[in-house]
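[1] Everything below, folded, please.
(one chain, ligands or ions: 1)
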Amino acid sequence: MSRPPASLDSLRDEIDALDDQMLDLLMQRCAVVDRIAAAKQGGPILRPGREAMILRRLVGRWKGSMPKRNLVRIWRELLSGLVGVQGPFSIAVWMPERGAGYLEVARNQYGAYTPTSSHQSPSQVVREVTSGNATVGILPLPRWEDEAPWWPLILSNAPDAPHIVARLPLTGPGPMGIEALAIACMTPEQTEDDHSVLAVETGPDISRSAFTDVLTTAGLPPRAVWDARPTADDARIHVIEVRGFVQPDDTRLLALRGASDGGGIRNALLLGAYATPLPADALE
Ligand SMILES: C=C(O[C@@H]1C=C(C(=O)O)C=C[C@H]1O)C(=O)O
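    Next up, the predicted model:
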């Protein structure tokens, strides 16, 4: 085999020097996270909103030849590793059958080495998170046809109850088209571009247009209705997605609860919020 030309050797020397510099910077970054962890004083080790904002900023800055998706993968591994050094961090993933794709989505977001358990039923995933066995649960988006929806298990006003905190993948639906929601026992965090998920309880017979009208009047026009189910006491709970960030005690939620629309709305709860995944053109 002929030796590579000298110029190639010198370019590789350059790469080695850059790798050393990048490694030094990574070590500096780790040391800052150690200081953040100490300053948190028991606050949440995982900050999904902050992580999404970091990634949006970096993707916006990136001009290298490597695709932006690869940049996101590198940073997801870094961020997840640095959540893990701050305290126990594990994920519970819905895996109805092998190869369903949710495990890959979970690992892409939360790292290859984060302890992971897989569960056949979504309710098991919710239980893992509620009990504190897992920090994050990975679940399918609610669908009308679900036989046993998981979202009724997270209907709660308590700030430390499980909430939806992320929609995955951050880079939009992957090759298998899989999308997932991440839940964690924390209040969702606002970023500069979010969607929120609400559970709205109505009487049993509200029309679709009356429902949309009352939500729109309250300042929460539904972007999608993911599911709706009758409850035991002759009511119906609708799961709706709205654009923007809704606080748990948001005045619009309070307005909805107090809406006098002829008995339509009975209650409204925040199921969570997520940073809007990056649009395809942001990744080009
Ligand atoms: C360092 C923090 O903890 C975690 C790690 C982050 C990071 O490595 O930048 C960002 C958000 C958190 O999920 C933080 O809260 O800022």
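[2] In this structure residue 269 contacts residue 157, no?
    Yes: using CB atoms under 8 Å, residue 269 is in contact with residue 157, at 6.5 Å. Heads up, the C-betas are built off the backbone N, CA and C, glycines and all.
[3] So what's the gap between the strand or helix carrying residue 108 and the chain middle?
    Per DSSP states H and E: residue 108 is located in helix 102-110. Centre-to-centre, helix 102-110 and its host chain are 11 Å apart (CA atoms, centre = their mean, to the nearest Å).
[4] In CSV, list the C-alpha atoms belonging to that helix.
    Extracted in CSV, the C-alpha atoms of helix 102-110 (Å, rounded to 0.1, in the frame of the first residue of the first chain):
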residue,chain,number,x,y,z
TYR,A,102,-40.2,3.7,20.3
LEU,A,103,-37.0,2.3,21.8
GLU,A,104,-34.9,4.0,19.0
VAL,A,105,-36.8,7.2,19.4
ALA,A,106,-36.2,7.1,23.2
ARG,A,107,-32.5,6.3,22.8
ASN,A,108,-32.0,9.0,20.2
GLN,A,109,-33.3,11.5,22.7
TYR,A,110,-32.1,10.2,26.0
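[5] Show me the contact partners of that helix.
    With CB atoms under 8 Å, 6 or more residues apart in numbering as the test, helix 102-110 has contacts from 73, 76, 80, 89, 91, 93-95, 114, 116, 118, 136, 138, 140, 166, 168-170, 174, 178-180, 182.
[6] Give me the buried subset of those.
    76, 80, 89, 91, 93-95, 114, 116, 118, 136, 138, 140, 166, 168-170, 178-180, 182 (16 or more other CB atoms under 10 Å).
[7] so of those residues, which ones are in helices?
    Counting by DSSP state H, the buried ones among the contacts of helix 102-110 place 76, 80 in helices.
[8] can you tell me which of the contacts of helix 102-110 are in strands?
    Judged by DSSP state E, those include 91, 93, 94, 116, 118, 136, 138, 140, 166, 168, 180, 182 as members of strands.
[9] beta partners of the most centrally placed residue in the chain?
    Note on the chain: the residue nearest the mean C-alpha position is residue 166, at 0.9 Å, using CA atoms, centre = their mean. Using DSSP bridges, the bridge partners assigned to residue 166 are residue 182.
[10] List the contacts of it.
    48, 52, 109, 181, 182, 274, 275.
[11] pLDDT value on it, please?
    With respect to pLDDT, residue 166 scores 98.
[12] Distance of it relative to residue 243?
    17 Å (CB to CB, to the nearest Å).
[13] The closest residue to the ligand within the stretch 101-250 of the chain in helix, strand or coil?
    Nearest residue of the stretch 101-250 of the chain to the ligand: residue 189, at 9.7 Å (CB to the nearest ligand atom). Under DSSP: H, G, I helix; E, B strand; the rest coil, residue 189 falls in the coil class.
[14] What is the neighbour count of the residue nearest to it when sequence neighbours are not counted?
    Of all residues not flanking residue 189 in the chain, residue 49 sits nearest, at 2.9 Å (CB to CB, 6 or more residues apart in numbering). By other CB atoms under 10 Å, the residues close to residue 49 number 19.
[15] Residue 49 sits in which helix or strand?
    helix 48-61.
[16] Can you mark which positions in that helix are buried?
    Going by neighbour count (16+ other CB under 10 Å), the buried part of helix 48-61 is 48, 49, 51, 52, 53, 55, 56, 59.
[17] Tell me which residues touch the fifth one, please.
    For residue 53, the contacting residues are 191, 192, 275, taking CB under 8 Å, 6+ apart as the criterion.
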